[in-house]
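[1] Following is a predicted model, sequence given first.
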Amino acid sequence: MKKRNLSYLAAALLLSCALLAGCNGGGGESSAAPTEPTPSASDTTEPATEPTTEPSEEAADPTQPEQDPTEPEETPTDPEEEPTGSETTPTQPEGGDDQPGEPTAEAAELAKAQLGKPYRYGSAGPDAFDNSGLLYYCYGQAGITVPRRTGDLYSQGTAVEKADLQPGDAVFFWNTNEGNPEFAAIYVGDGICIAARQEDTPVSELNMTYPYFEEHYVGARRYTAG
């Protein structure tokens, strides 16, 4: 009887120990060693590395301009020579040092006969005239060959002083280019000359004593036959 009780007591003790062991295993912290966390995809990306190739030598250095801005792209060529228009550039008249011969009074009379005729650009008579055309016509009718253009007229003949003007001499004035002969007339005496001076104005007399003509006077030329 005593042995049976001891057996029951031992069995109860073992059961109690087993229950106690089960409680400790279900609660509390696990004794297993923690595992390393699985790295994320971003953690597995390899860090950026330095480029393995050197920059191309042909690449332009941004610190240097492609071309020196002080140098022109092309070397400029010499400009074309400016034309020397005979209309406005007076030249030394032929025989300028010679004494002028006798003028032809016939040219002055012919100029008077053209008074009132219309101005027409490019015309040299007999019904209409432009400025140099009047002189070309009158001298031609008097048997004297002269150039057609005003500048060329001024470069021919013999220079005459203003105080020595005689009927038949050609007188020259500047309009906008000071000192250059830009229109001409035929002197007829007493300070009067005749010209086809401008459009909308017929061939008419000009008083050379007026301030405008005094200030714009350039010079005079005398042409003789032969």
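    Now that the structure is in, tell me what you want to look at. It should be emphasised that the depicted structure is a prediction, and the values quoted were computed from it without experimental measurement. Residues are numbered from 1 along each chain as shown.

[2] So residue 184, which state does it fall into?
    strand (DSSP: H, G, I helix; E, B strand; the rest coil).

[3] Tell me how many other residues crowd it.
    26 (other CB atoms under 10 Å). Any C-beta I mention is one placed from the backbone N, CA and C, and that applies to glycine too.

[4] where exactly do the helices run in this protein?
    Remark: helices assigned in the chain by DSSP state H are 2-26, 105-113, 131-141, 150-155, 211-215.

[5] tell me, which of the ones you listed is the model least confident about?
    Taking the mean pLDDT of each of the helices of the chain, the lowest value is held by helix 2-26, a mean of 57.

[6] and residue 198, what is it in contact with?
    119, 131 (CB atoms under 8 Å, 6 or more residues apart in numbering).

[7] distance of it from residue 185?
    Applying CB to CB, to the nearest Å, one obtains 12 Å for the distance of residue 198 from residue 185.

[8] Common neighbours of these two, please.
    With CB under 8 Å, 6+ apart, residue 198 and residue 185 have no common neighbours.

[9] so where's this protein uncertain?
    Filtered on pLDDT under 70, the chain yields the residue ranges 1-103, 226.

[10] any idea how far residue 164 is from residue 187?
    11 Å.

[11] higher neighbour count, those two?
    Set side by side, residue 164 and residue 187 give different neighbour counts by other CB under 10 Å, the larger being at residue 187 (26 against 11).

[12] isn't that one right next to residue 172, touching?
    No. Under the criterion of CB atoms under 8 Å, residue 187 lies out of contact with residue 172, with a separation of 10.6 Å.

[13] quick one: common contacting residues for those two?
    Jointly contacting residue 187 and residue 172 under the rule CB under 8 Å, 6+ apart are residue 220.

[14] For residue 112, which residues are in contact?
    For residue 112, the contacting residues are 188, 194, taking CB under 8 Å, 6+ apart as the criterion.
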